[in-house]
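Chemist: Generate coordinates for the sequence data below:
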Amino acid sequence: MIRAGRRHLVRTLADLAAQQGIAVPTLISSARLQAPGFPAPLSAGRTRLYDGEQVDAYLAGRPVPALPTVDDDEDLLDRQEAAALRGVPLHVWDRRKKTPAVSEHMVLVGGVEHWPRHVVRDYTPAPRPRPSGGTGRPAGAGDQVPRDLLPARVAQLLDADPALTAAAVTEQLGVHRNTAQAALTQCRAERMADVMEQRGLTAAQATAALGYPVGLTRRASTRAEAVLRGRQARPYLADVARALHARGWTTTDTPPAVQHPADDECVAALVLDHPEAPAAALVWSERHGWRTSASRRHPLGPGAAWPSPGPGVRYLATGTTPAPADVVKALEATD
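Modeler: Purely as a prediction, here's the structure:
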C-alpha cells in the first residue's frame, strides 16, 4: 500500500540498484534486500516497490522512519489489496477494475496498477445487463478515428464537456477504451500544465480553474506535473543536443521530445545518427540521468523500463542533469 501523499517517494528495484551503482540482478542476488532492518516492500505483488524515505534512511545508517498507520481515502491500493478490501477473489477484482467507475481512477506507480482506497471501497457493481441484439462496439473492432486525428477530436469533445469521460469518448468516436482514456488524460494534462505554467497554479488549482471534476483528473494531475517538469527540462536537453551535434555524432541539433511512458515520469531519447557515433542512441530519465541504447529505432526499450548495464547499455556521467560537456566526455569513454 502507498500511503496518501507518499506516491512521489516510491522507488522500484531499478531505482534502488541505480542508487547503489549496481545492476538489478546484482542487487537481488546480493541479499541486501533481506538484510536485517532493510525496509519492507510496500506490497506483496510480483513487482516490489519501496518507500524512498525509508530506503535513504537505511542506507545512511539512520533509524528507518515508520510509515503512517491510519487509513486515508487517498491511500493507493494495488490489485491484491483492492481485492482484499472488497473481500473478493483476485479474478473478480480483475473484472471489476475494467469498469469505467474504477478504471477512470487507476494510476500506475512503478509500473503497478493502483486505485485510491475510497474508489475501491465505495464502488458498487452495476447489475449485469441482459444480452441484447449486438449493441456497442464489436469485440476486436479497429479504432474508427486515426490516431493522428484523435487528439484534436478529443479536444473538441472536452471543449464542449469538461466532465467528459473515457466511456463517452469511446461511444462518440468509436475508439478502444484504453485509447480513449490515454488521449483524454493527455489532453487534460496538457491543458492543466498550460494553466499551471502561465498562472503559477498547482494541479488541483488548475483542475478547478478548468472546471474539471476532481474525480476524473487524478491521473491527469500527475501527468500535468510531469508535463510541466518536461517543459522545464527542455533547455537542458537542447544544450545536450547541441553539444552532441557539435561533436559530430548527430546530423542535427534538434532537442528531443520529452515522453511520459508513465504518468509520473519524464524521459527523452536522442538518436546518434552518425556512422562513427559510439552508441546508437542516448536516453535521459529525470530519475536516473543518461544512458546509452543499442537501438536507434526503439531506444527506450520494451515498456520504457530503465535497464541494467549490459550490451549496448551504459550509464553516463553522474547525477540526473550532468553538464553537456560531461555527457560528451562520458560518451567518448565508450568509443
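Chemist: Grab the nearest non-local neighbour of the residue nearest the centre of the chain.
Modeler: In the chain, the C-alpha nearest the mean C-alpha coordinate belongs to Ala262, at 1.6 Å (Cα atoms, centre = their mean). Once flanking residues are discounted, Ala262 sits nearest to Leu108: 5.1 Å by Cβ to Cβ, 6 or more residues apart in numbering. In this view, the C-beta of every residue, glycine as well, is placed from N, C-alpha and C.
Chemist: what helices or strands is the helix or strand where the one you found lies leaning on?
Modeler: Element membership of Leu108, judged by DSSP states H and E, is strand 107-109. Identification of packing neighbours for strand 107-109 by 3 or more Cβ pairs under 8 Å, 6 or more residues apart in numbering; DSSP states H and E yields strand 112-116, helix 218-247.
Chemist: Arg177 versus the nearest residue to Lys97 once chain neighbours are set aside, what's the distance?
Modeler: Spatial nearest neighbour of Lys97, excluding adjacent residues (Cβ to Cβ, 6+ apart): Ser103 at 6.3 Å. From Ser103 over to Arg177 the distance is 8 Å, taken as Cβ to Cβ, to the nearest Å.
Chemist: Give me the common contacts of these two.
Modeler: Ala166 (Cβ atoms under 8 Å, 6 or more residues apart in numbering).
Chemist: so Pro162 sits right up against Leu210, yeah?
Modeler: Yes - with contact defined as Cβ atoms under 8 Å, Pro162 reaches Leu210; the gap is 6.4 Å.
Chemist: show me what contacts Leu237?
Modeler: Taking Cβ under 8 Å, 6+ apart, we find Leu237 in contact with Pro255, Pro256, Val258, Ala268, Leu270, Trp284.
Chemist: Which residue ranges of the stretch 51-200 of the chain form helices?
Modeler: 52-59, 79-86, 90-96, 100-103, 117-122, 150-160, 166-173, 177-199 (DSSP state H, counting those that start in this stretch).
Chemist: so Val328 is in which element?
Modeler: Here Val328 is assigned to helix 324-332, by DSSP H and E.
Chemist: residues of that helix that come out buried?
Modeler: Pro324, Asp326, Val327, Val328, Ala330, Leu331 (16 or more other Cβ atoms under 10 Å).
Chemist: so what's Asp71 scoring on pLDDT?
Modeler: pLDDT recorded at Asp71 is 90.
Chemist: wait, doesn't it sit right on Arg117?
Modeler: Yes - counting by Cβ under 8 Å, a contact exists between Asp71 and Arg117, whose distance comes to 6.5 Å.
Chemist: between those two, which one's more packed in?
Modeler: Counted by other Cβ atoms under 10 Å, Asp71 and Arg117 do not tie: Arg117 has more neighbours, with 21 against 12.
Chemist: what about the nearest residue to that one once chain neighbours are set aside, neighbour count?
Modeler: Using Cβ to Cβ, 6+ apart and skipping residues adjacent in sequence, the residue nearest Arg117 is Asp75, 4.3 Å away. For Asp75, the neighbour count with other Cβ under 10 Å is 22.
Chemist: do the same with Ser43
Modeler: The tally of other residues near Ser43 (other Cβ under 10 Å) stands at 22.
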